[in-house]
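Enquirer: Predicted coordinates and the sequence they were generated for:
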Amino acid sequence: MEEAGNDMTTVLCTLFEGHYHHGVAALGNSLMAAGYTGQLWAGYRGELPAWATQCAGFDPATGQLHLRGGFTICFVALDTSLHFNYYKPTFMRSVLQAHAPQARAVAYFDPDVVVNCAWRDIDIWFDGGIAMVEDVNWSLPQRHPKRLMWSRWFTPHGHPPVRSLCRCYNAGFVGVPREFMAFLDTWETLCQLVWSHNDQLNHIKAGMAPSLFHSTDQDAMNYALMRHDMPLNTAGPEAMDFTPGGYYLSHAIDTPKPWAGRHLEQALRGRPPSAATRAYYRHAAGPIQTHSAATLAWRRMSLAIAAALGRCFRRG
């Protein structure tokens, strides 16, 4: 297999605004450490962070930040009022159609994800199927009440299921080969329906856990998988460090996010540093730097103390 990036066979994308730029920087650092040499298309709202615009490798004419080893972050200003969770399939499709028409696949990463392994071990994930990772609550049997509710609601809207599944997948990492772009079209349509059903609320979560659409884009994505019989290339929840034993990705799904600090405070409340928080700080020092050396030194020391406290105090 050819190395990813040499002929732009696989391109990556993410979406961010506000303080999530710290996560984009760590994601970029982790990709460089992994040996990825292609493009990361970063859709954003607001102002670009100083670490990008003040870098010698930034081209203001193109919005591209050229970094070591051929790795490039391509910033794309977006004009949408939608919560970015609903916008994922739209942006992925635009990357394949407009920004990287030569790519064989596009992979979306949430801006609170970092890569833990060599890129060659991930690139195979996009061969012949849609790449997915099982969610924290990964079990969602074929006749689970949520699936029955989704089918009952979507079918009159013209979207009956065509297959049954028994796993729930996380929307923080999705890889789609070009030949399966129809999945992105379906996911986008279902996101629009979910957004309308939830009274156009732009929140990650809506209602309570048993609600028809609680995880918004993720619920839409999991039902979109039921609308197609495309092959799925999947890994278990450990692949995002949701459970022990993983080595592919780390996904910091909790709040506050790792870059916010407060590790000692959280440990005293019974929440020791997660594997994803520790992974973030493994990649926070550079080449892209968003924290000062003093801040990083303090954060790493506080992480070590918080981890020690976590062995004594843990929330039940």
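Expert: Done, it's in.
Enquirer: switch to C-alpha atoms for all contacts and neighbour counts from now on
Expert: Will do.
Enquirer: so Gln185 is in which element?
Expert: Rather than Gln, residue 185 is Asp. helix 181-197 (DSSP states H and E).
Enquirer: Distance check, Ile253 against Asp219.
Expert: Distance, Ile253 to Asp219, using Cα to Cα, to the nearest Å: 16 Å.
Enquirer: Which one of these two is surrounded by more residues?
Expert: Remark: of Ile253 and Asp219, Asp219 carries more neighbours, 23 against 18, as counted by other Cα atoms under 10 Å.
Enquirer: Might one say that the more buried one is in contact with Phe213?
Expert: Yes - using Cα atoms under 8 Å, Asp219 is in contact with Phe213, at 6.2 Å.
Enquirer: hang on, the earlier thing: export the helix or strand just after the helix holding Asp185 to PDB, keeping only CA atoms.
Expert: Using DSSP H and E, the helix or strand that follows helix 181-197 in sequence is helix 217-226. The C-alpha coordinates for helix 217-226 follow below in PDB (Å, rounded to 0.1, in the frame of the first residue of the first chain):
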ATOM      1  CA  ASP A 217     -25.700  13.800  15.000                       C
ATOM      2  CA  GLN A 218     -24.600  10.500  16.500                       C
ATOM      3  CA  ASP A 219     -28.200   9.100  16.500                       C
ATOM      4  CA  ALA A 220     -28.600  10.300  12.900                       C
ATOM      5  CA  MET A 221     -25.300   8.700  12.000                       C
ATOM      6  CA  ASN A 222     -26.200   5.300  13.600                       C
ATOM      7  CA  TYR A 223     -29.500   5.300  11.800                       C
ATOM      8  CA  ALA A 224     -27.800   6.200   8.500                       C
ATOM      9  CA  LEU A 225     -25.800   3.000   8.900                       C
ATOM     10  CA  MET A 226     -29.100   1.100   9.000                       C
END
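Enquirer: ok, residues contacting helix 217-226?
Expert: 85-86, 147, 150, 161-165, 168-171, 183, 186-187, 190-191, 194, 204, 213 (Cα atoms under 8 Å, 6 or more residues apart in numbering).
Enquirer: now those: which count as buried?
Expert: Neighbour counting with 16 or more other Cα atoms under 10 Å marks 85-86, 147, 150, 161, 164, 168-171, 183, 186-187, 190-191, 194, 213 as buried within those.
Enquirer: Might you report the residue contacts of Ile253?
Expert: Asp112.
Enquirer: State whether it is indeed within a strand.
Expert: No - judged by DSSP: H, G, I helix; E, B strand; the rest coil, Ile253 forms no part of a strand; its state is coil.
Enquirer: distance of it from Thr10?
Expert: 25 Å.
Enquirer: again with Pro256
Expert: Taken as Cα to Cα, the span from Pro256 to Thr10 is 32 Å.
Enquirer: so His159 makes contact with Leu193?
Expert: No - judged on Cα under 8 Å, His159 makes no contact with Leu193 at a distance of 10.8 Å.
Enquirer: out of Pro256 and Thr10, which sits in the busier spot?
Expert: Just comparing Pro256 and Thr10: by other Cα under 10 Å the higher neighbour count belongs to Thr10, 28 against 12.
Enquirer: what bridges to that one?
Expert: Ala105 (DSSP bridges).
Enquirer: Show me where the stretch 1-150 of the chain dips below the pLDDT cut-off.
Expert: Residues of the stretch 1-150 of the chain that meet the criterion pLDDT under 70 lie in 1-8.
Enquirer: at 90 instead, please
Expert: 1-9, 69, 81-83, 85 (pLDDT under 90).
Enquirer: Good, we can wrap up now.
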